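S.K.: predicted structure and sequence below. I'll ask about it afterward.
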Amino acid sequence: MILTVDMNWKKTSLGYYEFVTPILEVAEKIDECMVKHYLEITSQDLKRCSKIILSGTALKDNAFLFKPEKFNWLKETEKPTLGICAGMEIIGKVFGAALKESLEVGMTNITTIKANTLFSGDFKAYSLHSYCVKASDNFEVLGQSIKCVQAIKHRDKLIFGVLFHPEVRNTQILKNFILIA
């Protein structure tokens, strides 16, 4: 079962339909899914799932950044995890990486920096973010744009982050993550 974490500022946000629903449209074709808002995740939810996807949010929706303690479970999990946009930002923050302002809206050229199981080569992806994660010792940089780091992997865990939105244009990246053994 895939746990999709709704990163929007509140459970009933319209952002759910923009950022969570497209993930489910891809994931539900491969595995059973459940959705939980980030403020409602329990240890039982984390035990029940086999993989975790943290959704993106609207451009100015940064409420999750003020509650990093709600994501301390990331330090303990052994489950493959993918953070998309806001999800990548909170993964970086939980593991000590700094965030910096970096506005990108629209199609962005991504260059693969390191071979990985999610994507390869250079490609275009849809970006919608106002922050990015600075490179840090805890993460390998997998991809970047001219402006910033676009994809990371934790050095010791199967925790990935992509700043762009694969649910919009690059759904094969989501499928590749879900199919990780």
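M.R.: Yep, it's here.

S.K.: from now on I want contacts and neighbour counts done on CA atoms only, so please keep to that.
M.R.: Will do.

S.K.: and the top strand by length along the chain, which strands flank it?
M.R.: Assignment by DSSP state E gives strand 99-112 as the longest strand of the chain. Using DSSP bridges, strand 99-112 pairs in its sheet with strand 123-133 (antiparallel), strand 139-144 (antiparallel).

S.K.: list the buried residues of that strand.
M.R.: 99, 104, 108, 110-112 (16 or more other C-alpha atoms under 10 Å).

S.K.: returning to that earlier point: using JSON lines, lay out the strands paired with strand 99-112 together with mean neighbour count, mean pLDDT and distance to D45.
M.R.: Putting the strands paired with strand 99-112 into JSON lines (neighbours: other C-alpha atoms under 10 Å; pLDDT from 0 to 100; distance: least, C-alpha to C-alpha, whole Å) gives the following:
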{"stretch": "strand 123-133", "mean neighbour count": "21", "mean pLDDT": "94", "distance to D45": "27"}
{"stretch": "strand 139-144", "mean neighbour count": "22", "mean pLDDT": "97", "distance to D45": "26"}
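
S.K.: state the mean pLDDT of stretch 8-23.
M.R.: Mean per-residue pLDDT for stretch 8-23: 93.

S.K.: on that earlier part again, chain center to the longest strand of the chain: distance?
M.R.: 14 Å (C-alpha atoms, centre = their mean, to the nearest Å).

S.K.: among the strands paired with strand 99-112, which is nearest T171?
M.R.: With distances scored as C-alpha to C-alpha, the stretch of the strands paired with strand 99-112 nearest to T171 is strand 123-133 (10.2 Å).

S.K.: can you show me the CA trace of stretch 78-94 as PDB?
M.R.: Only the C-alpha atoms of stretch 78-94 are listed here, as PDB (Å, rounded to 0.1, in the frame of the first residue of the first chain):
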ATOM      1  CA  GLU A  78      12.900   2.400   6.200                       C
ATOM      2  CA  LYS A  79      10.100   2.700   3.600                       C
ATOM      3  CA  PRO A  80      11.000   4.000   0.200                       C
ATOM      4  CA  THR A  81       9.900   7.600   0.200                       C
ATOM      5  CA  LEU A  82       9.500  10.200  -2.600                       C
ATOM      6  CA  GLY A  83       9.000  13.900  -1.800                       C
ATOM      7  CA  ILE A  84       7.600  16.000  -4.600                       C
ATOM      8  CA  CYS A  85       8.200  19.800  -4.400                       C
ATOM      9  CA  ALA A  86       7.000  20.600  -0.800                       C
ATOM     10  CA  GLY A  87       7.800  17.000   0.000                       C
ATOM     11  CA  MET A  88      11.400  17.500  -1.100                       C
ATOM     12  CA  GLU A  89      11.700  20.700   0.800                       C
ATOM     13  CA  ILE A  90      10.500  19.100   4.100                       C
ATOM     14  CA  ILE A  91      12.800  16.100   3.500                       C
ATOM     15  CA  GLY A  92      15.700  18.400   3.200                       C
ATOM     16  CA  LYS A  93      14.800  20.400   6.200                       C
ATOM     17  CA  VAL A  94      14.300  17.300   8.400                       C
END
